[in-house]
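Colleague: Would you be able to build a 3D model of this:
(one chain, ligands or ions: 1)
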Amino acid sequence: MVSSLSTRTDFGERAGREHLCQEGYGAESAQGSVPKPTVCWSNKRSPLLPAEPPPKTRPSLVLGRLLTVRAAVIFLMLVLVASVLLQAILYPWFMGTVSDVKTNAQLLKGRVDNISTLSSEIKRNRGGVAAAGFQVQMVNASLDRVRSQIRRLETSVKEANARLQMLTSSWEEVDKFNAQIPELKRDLDKASALNAKVRGLQGGLENISQLLQQQNDILQMVSQGWKYFRGNFYYSSQVTRTWYSAQQFCLSRDSHLTSVTSESEQEFLYRTAGGLLYWIGLSKAGSEGYWYWVDDSLFNKVQSVKFWIPGEPNNTGNNEHCADIKMSSSQSWNDASCDNEFLFICERPYTPSEPCQDWPPSSNFKLQCLLNSRKCGSLLHTPG
Ligand SMILES: [Ca+2]
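Modeller: Predicted coordinates for the structure are as follows:
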């Protein structure tokens, strides 16, 4: 395609100037017009050039303007078509974009609403947060206390572990002792059996000791002139005394004039008297003259009837208030004047003396017994 070459020359407007310029137009192509250099020349007539004919300016100027208008119209049409095409193409895209913007705007509005709601909730929860902060402080304080307690517990656990180790070592020793327990138990059983035997022997020895002590007491009394009969000692005097004097003598020997409370004792006494007169501890008291035993034994009047000599007591001269053994018979009692001087029989019950601590008995056992025992001490007195 070959572009048209146009020349614009404006001589009237540049009248008076010393130079004229002509703008060139290159060939138009798809890439546009190619600029051409401007050619200028002076308006002064060169003396070398021939004389120029007068210019024909009117028809070329109209043609140029028509071309210019046509080009402008074409350009406007192109612009119009392009705008229509662009509008047809871009409008749906633009509407879709607007729709997207609206959607995004709604989403943003919803998020803003959510943020507002969250803000109000945050405001409402601010008080709760403060309370929660206070509670957190309380919890922290509690945690501090718990930590201190945990430290104390750890210390206690360490101490307990140390004690546990000590106990473990002690327990091993206990195990050793436990292993020895059966043997110790057998030894203990043997010791218990031996202890029982020893206790039996000790009881037998105590009985023997008591018998020996009793025999020793009896021998001591017998050696001093006393006779032993069924738990009582009896002393038959060698001199005569009145009834009261005889009682005083017996009292001085820790005894009384004898009482008679059984047939066997009656028989023992009259056999001891051998037919001689011996005061016994029977006397009368009170205005009625009731008989009584001077050692406070109970006087059995019924039983005693068979001990009197038949016809006695007769209270001769109303002066016989004391009793004596007169006959060597079961019926041997007679009442007589208390002022009479007769032999007399003292009686004292046997009470075991305190056992002597010196066991087994040594050579001076008797002497120690006599010195250490109240009972034995009384044996030092010998009836006269
Ligand atoms: Ca008489």
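Colleague: where does this protein come near the ion, residue by residue?
Modeller: Within reach of the ion by C-beta under 5 Å from the ion, the chain has these residues: 312, 314, 320, 334-335. To be clear about C-beta, it is placed using only N, CA and C from the backbone, and glycine gets the same treatment.
Colleague: which secondary structure element contains the closest residue to the ion within the stretch 51-200 of the chain?
Modeller: Across the stretch 51-200 of the chain, the shortest distance to the ion (C-beta to the ion) belongs to Gly200, at 58.6 Å. Secondary structure here is read from DSSP states H and E; on that basis Gly200 sits in helix 58-223.
Colleague: Tell me which other helices or strands that helix touches.
Modeller: In terms of contact count using 3 or more C-beta pairs under 8 Å, 6 or more residues apart in numbering; DSSP states H and E, helix 58-223 is assigned the packing partners strand 226-229, helix 365-372, helix 374-378.
Colleague: Confidence-wise, which of the ones you listed is weakest overall?
Modeller: Taking each of the helices and strands packed on helix 58-223 in turn, the lowest mean pLDDT turns up on helix 374-378, with a mean of 42.
Colleague: hang on, the earlier thing: by neighbour count, sort out the buried ones in the residues of the chain next to the ion.
Modeller: By neighbour count, with 16 or more other C-beta atoms under 10 Å, the residues of the chain next to the ion hold 312, 320, 334-335 as buried.
Colleague: Generate TSV for the residues you listed, with pLDDT as supplementary columns.
Modeller: Listed next are these as TSV, based on pLDDT from 0 to 100:
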residue	pLDDT
Glu312	93
Glu320	94
Asn334	96
Asp335	96
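Colleague: Which ones among those residues map onto strands?
Modeller: Counting by DSSP state E, the part of these found in strands is 334-335.
Colleague: Show me what counts as buried in stretch 317-336.
Modeller: So for stretch 317-336, counting by 16+ other C-beta under 10 Å, buried means 320-326, 331-336.
Colleague: Between the buried ones among the residues of the chain next to the ion, which sits nearest Ser116?
Modeller: Distance ranking of those against Ser116, using C-beta to C-beta, places Asp335 first at 145.1 Å.
Colleague: That closest one against Ala323, yeah?
Modeller: Yes - under the criterion of C-beta atoms under 8 Å, Asp335 lies in contact with Ala323, with a separation of 5.5 Å.
Colleague: what touches both of these two?
Modeller: The contact sets of Asp335 and Ala323 overlap at Pro313 (C-beta atoms under 8 Å, 6 or more residues apart in numbering).
Colleague: Which residues does the helix or strand harbouring Glu347 contact?
Modeller: In this structure, Glu347 is located in strand 343-349 according to DSSP H and E. Outside strand 343-349, the residues within contact range by C-beta under 8 Å, 6+ apart are 231-241, 243, 246, 249-250, 253-259, 269, 272-273, 276-281, 295, 325, 383.
Colleague: Kindly report the same for stretch 284-297.
Modeller: By C-beta under 8 Å, 6+ apart, the residues outside stretch 284-297 that reach it are 247, 256-259, 261, 281-283, 299, 301, 304, 315, 321-323, 347.
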